[in-house]
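Colleague: quick one, structure for this:
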Amino acid sequence: MNDAALLALVRGAEAAADVAGAVIRPFFRAGVASDLKSDASPVTIADRTAEQAMRAVLSERFPGHGILGEEFGLQNPGSELRWVLDPIDGTRAFITGRPSFGTLIGLLDGDTPIIGIIDQPITGERWVGARGMATTFRGPFGGRAATRACASVGQAELGATTPDMFRGADAAAWARLTRAAGRTYYGGDCYTYGLVALGQVDISVDATMNVWDWTALVPVVEGAGGRVTDWQGNPLRPDGDGRTVAVGDPALLAQVLDILAS
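Modeller: Now for the predicted structure:
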């Protein structure tokens, strides 16, 4: 795929992010009701309506592409190019009025993420990553998409969505990592990965990620200089086990994986 074709795809993804933000903002801190899905995660009218809006934009621009969304499943399953959507990653944060959620728009070429957008529609921050290109960041608070040097886990800022996701052997592995890290904090969902791409956080680890949770994150973090893998150091795959590691400084990756595997 040449650069012109890739940029056309990026423009389409940004258009989808624009419409999702326009849908989501009026619902923020508006007391919207939520339902529980089969996995006990919450969903709101904002999630569903934003995904429908994104699907409409992407279907019009790229009618032959597949679209997989958290709320409405897969269309055009035979397409090699597949958009992967999470309209509100961090619905619990959204419901409780915290602007630490985000809209995720990714594009898979086969099993490989080639485009990723993290959009925070309340703060106006947006990260855009594409294969072979440097990640860009736009936001009112300044900053640029560039990870920072951090050669030691002991000096690292470590984040995870929630400690509740780590069970059994994963809980023991996570406890080892928190003891080794400089500081640990929870919450943020996809926003934490955006902070890795800004050099504010050094490591983000999760254990229950679906494909719509991570597809957009890979081009963003890696285009800013970081790495994203599973807990064995392999590229993430749609049929993977949901355990992910993102590091800003690639030198941290082997250390983190060793600690998790100890």
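
Colleague: quick one: classify the residue nearest to Val247 when sequence neighbours are not counted as helix, strand or coil.
Modeller: Leaving aside its chain neighbours, Val247 sits nearest to Leu253 (5.0 Å; criterion: Cβ to Cβ, 6 or more residues apart in numbering). Quick note: C-beta positions are derived from backbone N, CA and C, even for glycine. Recorded secondary structure, Leu253: helix (DSSP: H, G, I helix; E, B strand; the rest coil).

Colleague: now do the same contact list for Leu253.
Modeller: Leu253 makes contact with Arg227, Thr229, Gly233, Val245, Val247 under the criterion Cβ atoms under 8 Å, 6 or more residues apart in numbering.

Colleague: show me these that map onto strands.
Modeller: The members of the contacts of Leu253 that map onto strands under DSSP state E are Arg227, Thr229, Val245, Val247.

Colleague: any idea how far the last one is from Ile115?
Modeller: Noted for Val247: a distance of 21 Å to Ile115, by Cβ to Cβ, to the nearest Å.

Colleague: the helix or strand of the chain with the lowest mean pLDDT packs against which elements?
Modeller: Counting by mean pLDDT, DSSP states H and E, the chain has its least confident helix or strand at strand 34-36, which shows a mean of 82. Contact partners of strand 34-36 among helices and strands, from 3 or more Cβ pairs under 8 Å, 6 or more residues apart in numbering; DSSP states H and E: strand 42-44.

Colleague: and the strand it packs on, what's buried?
Modeller: Val43, Thr44 (16 or more other Cβ atoms under 10 Å).

Colleague: okay, now the unreliable bits of the stretch 51-200 of the chain?
Modeller: Within the stretch 51-200 of the chain, no stretch has pLDDT under 70.

Colleague: just the C-alphas of the helix ranked longest in the chain, formatted as PDB.
Modeller: As assigned by DSSP state H, the longest helix anywhere in the chain is helix 3-24. Extracted C-alpha coordinates of helix 3-24, given in PDB (Å, rounded to 0.1, in the frame of the first residue of the first chain):
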ATOM      1  CA  ASP A   3       1.500   6.500   1.200                       C
ATOM      2  CA  ALA A   4      -1.300   8.200  -0.700                       C
ATOM      3  CA  ALA A   5      -3.600   5.200  -0.200                       C
ATOM      4  CA  LEU A   6      -2.700   5.000   3.500                       C
ATOM      5  CA  LEU A   7      -3.300   8.700   4.000                       C
ATOM      6  CA  ALA A   8      -6.800   8.300   2.400                       C
ATOM      7  CA  LEU A   9      -7.500   5.600   4.900                       C
ATOM      8  CA  VAL A  10      -6.300   7.900   7.700                       C
ATOM      9  CA  ARG A  11      -8.600  10.700   6.500                       C
ATOM     10  CA  GLY A  12     -11.500   8.300   6.600                       C
ATOM     11  CA  ALA A  13     -10.700   7.200  10.100                       C
ATOM     12  CA  GLU A  14     -10.400  10.800  11.300                       C
ATOM     13  CA  ALA A  15     -13.800  11.500   9.700                       C
ATOM     14  CA  ALA A  16     -15.300   8.600  11.700                       C
ATOM     15  CA  ALA A  17     -13.700   9.900  14.900                       C
ATOM     16  CA  ASP A  18     -15.200  13.300  14.200                       C
ATOM     17  CA  VAL A  19     -18.700  12.000  14.000                       C
ATOM     18  CA  ALA A  20     -18.300   9.700  17.000                       C
ATOM     19  CA  GLY A  21     -17.200  12.700  19.100                       C
ATOM     20  CA  ALA A  22     -20.200  14.700  17.900                       C
ATOM     21  CA  VAL A  23     -22.400  11.900  19.100                       C
ATOM     22  CA  ILE A  24     -20.700  11.300  22.400                       C
END
